[in-house]
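Novice: Got a predicted structure plus its sequence, pasted below:
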Amino acid sequence: MDNIRLAGLQEEKRTFFQVGKVQIGRDFLIIAGPCSVESEEQTLEIAHAVKEGGADMIRGGAFKPRTSPYNFQGLGLKGLKILEKAKEQTGLPVVSEVLDTRDVSWMCEYVDILQIGTRNMQNFSLLKEVGKTNTPVLLKRGMYSTISEWLNCAEYILNEGNSRVILCERGIRTFENYTRNTLDLSAVAALEELTHLPVIVDPAHATGKSSLILAMSLAAVAAGADGLILEVHNHPEAALSDKDQALTPEQFCQLTRKVRALRAFMEDLN
Ligand code: PEP
Ligand code: MN
């Protein structure tokens, strides 16, 4: 692939790095939490539940990229302070999306991993800005982007000096509309031969349906993913965003047990 100088796989050398207790790229990583931070009570309750259920990190959007400007846009700084409290109480690192170059440096004080969402994958100013920080970056695949375009975006971050990038397959737009997007698991296998960077899968945004998440999570493990990011809500029906794809804490708990068992089985095969 042309011009993939820093992100390309060389001599089978894989990137791995420690965040919290997890060696990302080696240990299987499970990130879970609400789509949006809605209130302190909601986020703390979910944070404790996902910790109990076997999550390694907490996710939660404080800045939400919504299709309509009239939809809930997130709590901003207040949301990040709530995530900070969730981290204090659970000991779990925090992942949250950054939407604006102006927020990058101060957000690093609140989060352990900066998420770049699908709609911003090719926001080159934002990529350069997160590339200047020392905070790991979770780079989601653009919903209309090829694997090559995606790797070029990782290249932007690496080229600024930040080597800790995680790629996240979250589904792409196709003609199929039963599912919210189409989960491209072949991208996970393809990336294993193209890049040294860790690759995780987001089956929630890929399917948009909580009933499909367990099957796609197991499939992601089988495809060789290094982890999963999942949406969990204590009252999915009342969630302010992405309610149809939120797992209950009980569903999450069952999922992590099966996912970790399959991963252990696959490690035994090698
Ligand atoms: C999210 O993680 O809640 C999100 C908005 O994801 P994506 O950018 O993949 O749509
Ligand atoms: Mn979401």
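Specialist: Arrived safely. Ligands and ions are numbered 1, 2, ... in the order given.

Novice: Every contact and neighbour count from this point should use C-alpha atoms.
Specialist: Fine.

Novice: For the helix or strand hosting Glu41, list the C-alpha coordinates in PDB.
Specialist: If you go by DSSP states H and E, Glu41 is part of helix 40-52. Provided in PDB are the C-alpha atoms of helix 40-52 (Å, rounded to 0.1, in the frame of the first residue of the first chain):
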ATOM      1  CA  GLU A  40     -23.500  11.500  37.300                       C
ATOM      2  CA  GLU A  41     -25.900   8.900  38.700                       C
ATOM      3  CA  GLN A  42     -26.200   7.100  35.300                       C
ATOM      4  CA  THR A  43     -22.500   7.100  34.500                       C
ATOM      5  CA  LEU A  44     -21.400   6.000  37.900                       C
ATOM      6  CA  GLU A  45     -23.900   3.200  38.000                       C
ATOM      7  CA  ILE A  46     -22.900   1.900  34.600                       C
ATOM      8  CA  ALA A  47     -19.200   2.300  35.400                       C
ATOM      9  CA  HIS A  48     -19.500   0.100  38.400                       C
ATOM     10  CA  ALA A  49     -21.600  -2.400  36.500                       C
ATOM     11  CA  VAL A  50     -19.200  -2.800  33.600                       C
ATOM     12  CA  LYS A  51     -16.300  -3.100  36.000                       C
ATOM     13  CA  GLU A  52     -18.200  -5.900  37.700                       C
END
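
Novice: next SSE after the helix or strand hosting Cys168?
Specialist: Element membership for Cys168, per DSSP H and E: strand 165-169. Per DSSP H and E, the first helix or strand lying C-terminal to strand 165-169 is helix 185-194.

Novice: where's that following helix relative to the chain centroid, distance-wise?
Specialist: 17 Å (C-alpha atoms, centre = their mean, to the nearest Å).

Novice: Would you pull up the residue in this protein closest to ligand 1?
Specialist: Gly117 (3.3 Å; C-alpha to the nearest ligand atom).

Novice: do you know how far Ala222 is from Gln245?
Specialist: 21 Å (C-alpha to C-alpha, to the nearest Å).

Novice: Which one of those two is surrounded by more residues?
Specialist: Gln245 (25 against 15; other C-alpha atoms under 10 Å).

Novice: so that one sits right up against His205, yeah?
Specialist: Yes: applying C-alpha atoms under 8 Å, one finds Gln245 in contact with His205, separated by 7.2 Å.

Novice: joint contacts of the two?
Specialist: Counting by C-alpha atoms under 8 Å, 6 or more residues apart in numbering, no residue touches both Gln245 and His205.

Novice: follow-up on the earlier one: tell me which other helices or strands the helix holding Glu41 touches.
Specialist: On a contact count with 3 or more C-alpha pairs under 8 Å, 6 or more residues apart in numbering; DSSP states H and E, helix 40-52 meets strand 29-33, strand 57-59, helix 77-90, helix 249-269.

Novice: do that again at 7 Å, thanks
Specialist: strand 29-33, helix 77-90 (3 or more C-alpha pairs under 7 Å, 6 or more residues apart in numbering; DSSP states H and E).

Novice: What strands line up against the strand holding Cys168, and which way round?
Specialist: Note on strand 165-169: by DSSP bridges, its sheet partners are strand 137-140 (parallel), strand 199-201 (parallel).

Novice: so what's the backbone phi/psi at the residue positioned nearest the centre of the chain?
Specialist: Central residue of the chain (C-alpha atoms, centre = their mean): Ile229, 4.6 Å from the mean position. The phi/psi pair for Ile229 (degrees, to the nearest 10) reads phi -120, psi 130.

Novice: pLDDT wise, what is it at?
Specialist: Ile229 carries a pLDDT value of 99.

Novice: With ligand 1 in mind, check whether stretch 157-174 reaches it.
Specialist: Yes: judged by C-alpha under 6 Å from any ligand atom, stretch 157-174 comes into contact with ligand 1 through Arg170.
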